[in-house]
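Colleague: Using only what follows, build the 3D model:
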Amino acid sequence: MPVFQWAIMEANPDPVAGAEQKGTRPVLIASNEEYNQVMPNVTVLPLTSTKRRLYPSEVFLPQGKAGQPL
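Modeller: Alright, predicted model coming up:
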């Protein structure tokens with residue numbers, strides 16, 4: 001399956017470690033296509049619809065404003 005940078009896909013991080021969330025969740029693919037074609041892993045940014053306090057490393061993307069109908 002081709003994996004494209006900035007695509008939103010579903011991932012199941014199994015096995016999980018520490019405070020990682022179990023189960024399938026949406027992720028934004030951050031690594032570029034050249035990397036994705038030759039490496040067994042890709043770099044992803046987990047997404048959530050839960051609204052809570054943001055940490056300094058987090059960004060709020062309003063629904064429909066980031067080019068994706070989340």
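
Colleague: Shouldn't residue 37 be within a helix?
Modeller: Yes - checked against DSSP: H, G, I helix; E, B strand; the rest coil, residue 37 lies within a helix.

Colleague: That one: what's it in contact with?
Modeller: Contact partners of residue 37, counting by C-beta atoms under 8 Å, 6 or more residues apart in numbering, are absent. All C-beta spots, glycine's among them, are computed from the backbone N, C-alpha and C.

Colleague: what do you get for residue 12?
Modeller: Counting by C-beta under 8 Å, 6+ apart, residue 12 has contacts 23, 24, 25.

Colleague: did I read that right, the first one in a strand?
Modeller: No - counting by three-state DSSP, residue 23 is located in no strand; its state is coil.

Colleague: where's it relative to residue 16, distance?
Modeller: 9 Å (C-beta to C-beta, to the nearest Å).

Colleague: again, but for the last one
Modeller: As judged by C-beta to C-beta, residue 25 and residue 16 stand 11 Å apart.

Colleague: out of these two, which sits in the more crowded spot?
Modeller: Set residue 25 next to residue 16 and count neighbours by other C-beta atoms under 10 Å: residue 25 wins out with 16 against 11.

Colleague: and residue 18, how many neighbours?
Modeller: 4.

Colleague: Got the phi and psi for it?
Modeller: phi 60, psi -130 (degrees, to the nearest 10).

Colleague: From residue 51, how far out is residue 62?
Modeller: Distance from residue 62 to residue 51, by C-beta to C-beta: 11 Å.

Colleague: Provide the secondary structure category for the residue sitting nearest the centre point of the chain.
Modeller: Nearest to the mean C-alpha position of the chain, by C-alpha atoms, centre = their mean, lies residue 27 at 2.1 Å. Here residue 27 is recorded as strand under three-state DSSP.

Colleague: what's across from the closest residue to it other than its chain neighbours in the sheet?
Modeller: Excluding the flanking residues, the one nearest residue 27 by C-beta to C-beta, 6 or more residues apart in numbering is residue 44, at 3.9 Å. Per DSSP bridges, the residues bridged to residue 44 are residue 29.
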